[in-house]
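Student: Need a 3D model of the sequence below.
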Amino acid sequence: MPIDPGRMRDRITLQVRGEPDPWTGSDGMTDLATVWAEFRPQSGSEFREGAGTVGEERATWLVNYRENLSQVDQLIHRGRGQNRVWDIQSIQPYGFKDGLLLLAVAADSGA
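Tutor: Presented below is the predicted three-dimensional model:
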């Protein structure tokens, strides 16, 4: 099942987790690549945590195949996503080394 490049309309930056540096305040995330992806929204929810409301959105991202991603990495949705950070929860192959389906969660907290 080949990937349709015409459906890959969203620009994302893949980031891999490294060692955090307490001296510089770095969280340990390093840019791996900025790629085109297909955004497939899944679901969303909202719940109360402490004194604020937390919204959570789940989506699947289809990207071209690569071997250097894991569940502890993240992606940043550029453009329409306004640099929204998504934590990768699951990585599934799409076809035979055609692409990867990245199940990711974005959480937004409000007052």
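Student: Straight-line length of stretch 69-85, end to end?
Tutor: Chord length of stretch 69-85, first to last residue, is 16 Å (C-alpha to C-alpha, to the nearest Å).
Student: I'd like the mean pLDDT over that stretch, please.
Tutor: Per-residue pLDDT over stretch 69-85 has a mean of 85.
Student: my read: L75 touches T13, true?
Tutor: Yes. Using C-beta atoms under 8 Å, L75 is in contact with T13, at 6.6 Å. C-beta here means a position set from N, CA and C on the backbone, and glycine is covered the same way.
Student: give me the low-pLDDT residue ranges for the chain?
Tutor: Within the chain, the segments meeting pLDDT under 70 span 1, 26, 44-54, 81, 109-111.
Student: Show me where it has its strands.
Tutor: Taking DSSP state E to define them, one finds strands in the chain at 10-17, 29-49, 52-64, 74-77, 84-94, 99-110.
Student: what packs against the second one?
Tutor: Contact here means 3 or more C-beta pairs under 8 Å, 6 or more residues apart in numbering; DSSP states H and E; on that basis strand 29-49 packs against strand 10-17, strand 52-64, strand 74-77.
Student: go with 6 Å
Tutor: On a contact count with 3 or more C-beta pairs under 6 Å, 6 or more residues apart in numbering; DSSP states H and E, strand 29-49 meets strand 10-17, strand 52-64.
Student: could you give the angle of that strand to strand 84-94?
Tutor: Put simply, strand 29-49 runs at 110 degrees to strand 84-94, going by axes from the mean of the first three to the mean of the last three C-alpha atoms, to 10 degrees.
Student: Direction included, what does strand 29-49 pair against?
Tutor: Paired neighbours of strand 29-49 in the sheet (DSSP bridges): strand 10-17 (antiparallel), strand 52-64 (antiparallel).
Student: So what would you say the end-to-end distance of stretch 87-103 is?
Tutor: From its first residue to its last, stretch 87-103 covers 9 Å (C-alpha to C-alpha).
Student: So which bits of it are buried?
Tutor: 88, 91, 94, 99-100, 102-103 (16 or more other C-beta atoms under 10 Å).
Student: swap in stretch 3-20?
Tutor: 3, 8, 10, 12-16.
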